[in-house]
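Trainee: task: produce atomic coordinates for the following.
(chains A and B)
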There are 2 protein chains.
Amino acid sequence: MTASSPDGEPTEPLPVVFDDLEYRAAVVDLLGAIAYGEISAFERLAEDGKLAPTLADKVEIGRMASLQFSRVDALLERIRLLGTDPFEAMAPFRDAIDLFHEHTAPADWYESLIKAFVGDGLADDFYREIAAFLDHDTRDLIIASVDDDAASAFVIDRVRAAIAADHRLGGRLALWGRRLMGEALTQAQRVAGERDALTALLAGGVDRPGLDLAAIGRMFARLTERHAERMAELGLSS
Amino acid sequence: MTASSPDGEPTEPLPVVFDDLEYRAAVVDLLGAIAYGEISAFERLAEDGKLAPTLADKVEIGRMASLQFSRVDALLERIRLLGTDPFEAMAPFRDAIDLFHEHTAPADWYESLIKAFVGDGLADDFYREIAAFLDHDTRDLIIASVDDDAASAFVIDRVRAAIAADHRLGGRLALWGRRLMGEALTQAQRVAGERDALTALLAGGVDRPGLDLAAIGRMFARLTERHAERMAELGLSS
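Mentor: Below you'll find the predicted structure:
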């Protein structure tokens, strides 16, 4: 099976795994979700720059926003290669991702920093977990799209300094971290309920390993543990 | 004379022209103005993404925003090399640039596209004109920082299509282009009145060519002409 680019020219053949149209649909879904996630993260981070207390902080968060955006093109290109219009591929995930952001609009600069670090970290871990079940090319693309540790030192430094200066802030921000986790799970469950191909992907296929319920449980345990580690790095309980 | 990096380690020597401290101050001013201009353009474009009628349009304007931001680091690095804190160097230009944006907040998607194309184009032309009077390294850096034609085709395409569909829009957008030009001149004059080193730069020095009044007049004639060309490309009178 070969792919076509939008102008109909033949391109390099896709791996045979994409002959399985259900697998192909699931990968398109996943890449669409990640791409729209990056676009929204870009928008929200750029918006959060308004909360920055100094111009230097604004530049740091602008850098994080631009980094998110810089990954979008490769994802859109790959979705096109799989034969789907990338804007159609992103459409099913807009509501869930927009609602996540609507329900987690940061009230101040520190909530914004924690959302950037903890919220994006959680989403990235989730995509990395799923990537482990995918073909080599898709896995590499996803891992390159979510590798995001450059900004961590900046966020950790700013949040720890603020908590040291005002201990009550730590309590409020710990609650904020829990709320981010809760909203992310709510929206992820909503998507899982609506996107059959994506759910089937996790369940596996005749020639593909999948996850049974126990394995899904272990996956969530790992996600929760890494969330707690990130909160601890910020000096917050989870 | 050698420069020092922020941690005090010696770096490569600066060109001798920077022994002239007035010249150095003028270059720092100019790079500070350009850097803050790029940061603000990034913020405004990201914000204007909310006005985008489709997700594809939002991605295009996000790309323009990220491109603006991608040039900031090289400018900040150069200001540091010249011995000034880049955030101090940007500070004198924040009011003028913020006021420009406050006075030219786009009312809709098309005003936003025209501002991105015509407003940034005008600023870039102005910086290119000044760059012609500077040392080689600074000139190259400025030209690399303002080279911005990638987004033009997208803006021209969208604006021409919209005017074709609604002729009254052309009249309103032509007025908008004039307002952008007027606001840019107002703020540029304000900066020129406040920053002596920058003004002295244009006047030249013992070993540097400068601009007499007639030459400044010709420069403004060129800027106006290029503005009119850009408006014409959009199908608008200027």
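
Trainee: need the residues of chain A near chain B, please.
Mentor: A:36, A:39, A:42-43, A:46-47, A:49-50, A:54-56, A:58-59, A:62-63, A:65-66, A:69-70, A:72-73, A:76, A:87, A:90-91, A:94 (CB under 8 Å from any CB of the partner chain). All C-beta atoms are positioned from the backbone trio N, CA, C, and that covers glycine.

Trainee: emit the ChimeraX select command for whichever of the residues you listed are buried.
Mentor: Buried members of the residues of chain A next to chain B, defined by 16 or more other CB atoms under 10 Å in any protein chain shown, are picked up in ChimeraX with:
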select /A:36,39,42,43,46,47,49,55,58,59,62,63,65,66,69,70,72,76,87,90
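
Trainee: show me what contacts A:Pro53?
Mentor: A:Trp109 (CB atoms under 8 Å, 6 or more residues apart in numbering or on different chains).

Trainee: at 10 Å what do you get?
Mentor: Going by CB atoms under 10 Å, 6 or more residues apart in numbering or on different chains, A:Pro53 touches A:Asp108, A:Trp109, A:Tyr110, A:Arg158, A:Ala162.

Trainee: in the helix or strand where A:Ala162 lies, what's buried?
Mentor: Assigned by DSSP states H and E, A:Ala162 belongs to helix A:152-165. Within helix A:152-165, the residues that count as buried by 16+ other CB under 10 Å are A:Phe154, A:Val155, A:Ile156, A:Arg158, A:Val159, A:Ala162, A:Ile163.

Trainee: give me the element whichever residue of chain A sits closest to chain B is part of.
Mentor: Minimum separation of chain A from chain B (CB to the nearest CB) falls at A:Ala46, amounting to 3.3 Å. Following DSSP H and E, one finds A:Ala46 within helix A:21-48.

Trainee: what's the average pLDDT for that helix?
Mentor: Averaged over helix A:21-48, pLDDT sits at 93.

Trainee: could you check the angle the very next helix or strand once past that helix makes with helix A:152-165?
Mentor: Where DSSP H and E defines the elements, the next helix or strand beyond helix A:21-48 is helix A:55-70. Counting by axes from the mean of the first three to the mean of the last three CA atoms, to 10 degrees, helix A:55-70 points 140 degrees away from the direction of helix A:152-165.

Trainee: so which elements touch helix A:55-70?
Mentor: helix A:21-48, helix A:109-114, helix A:136-146, helix A:152-165, helix B:21-48, helix B:55-70, helix B:72-81, helix B:86-103 (3 or more CB pairs under 10 Å, 6 or more residues apart in numbering or on different chains; DSSP states H and E).

Trainee: of all those helices, which one comes closest to A:Met181?
Mentor: helix A:109-114 (11.2 Å; CB to CB).

Trainee: now do that closest one: distance to the chain's middle.
Mentor: Put simply, helix A:109-114 sits 17 Å off its chain's centre (CA atoms, centre = their mean, to the nearest Å).

Trainee: okay, the next helix-or-strand element following it in PDB with CA atoms only?
Mentor: Reading on from helix A:109-114 to the C-terminus, the next helix or strand found by DSSP H and E is helix A:120-131. Coordinates of the C-alpha atoms in helix A:120-131 are reproduced here as PDB (Å, rounded to 0.1, in the frame of the first residue of the first chain):
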ATOM      1  CA  ASP A 120       1.900  18.800  29.700                       C
ATOM      2  CA  GLY A 121       4.000  16.300  31.500                       C
ATOM      3  CA  LEU A 122       1.000  14.100  32.200                       C
ATOM      4  CA  ALA A 123      -0.200  14.300  28.600                       C
ATOM      5  CA  ASP A 124       3.300  13.500  27.300                       C
ATOM      6  CA  ASP A 125       3.700  10.500  29.600                       C
ATOM      7  CA  PHE A 126       0.300   9.200  28.300                       C
ATOM      8  CA  TYR A 127       1.300   9.600  24.700                       C
ATOM      9  CA  ARG A 128       4.700   7.900  25.400                       C
ATOM     10  CA  GLU A 129       2.900   5.000  27.000                       C
ATOM     11  CA  ILE A 130       0.600   4.500  23.900                       C
ATOM     12  CA  ALA A 131       3.600   5.000  21.600                       C
END
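
Trainee: and helix A:120-131, how far from the chain's centre?
Mentor: 6 Å.

Trainee: report the angle between that helix and helix A:21-48.
Mentor: Going by the same axes, to 10 degrees, helix A:120-131 makes 170 degrees with helix A:21-48.

Trainee: so what does helix A:120-131 touch, helix or strand wise?
Mentor: Identification of packing neighbours for helix A:120-131 by 3+ CB pairs under 10 Å, 6+ apart yields helix A:21-48, helix A:136-146, helix A:167-194, helix A:196-203, helix A:213-233.

Trainee: pick out the shakiest of those helices, pLDDT-wise.
Mentor: Mean pLDDT across these is lowest at helix A:196-203; the value there is a mean of 80.

Trainee: buried residues, that one. List them.
Mentor: Quick answer for helix A:196-203 (16+ other CB under 10 Å): A:Ala197, A:Leu198, A:Leu201, A:Leu202.

Trainee: just want the most central residue of chain A.
Mentor: The centroid of chain A falls nearest to A:Ala123 when counting by CA atoms, centre = their mean (3.5 Å).
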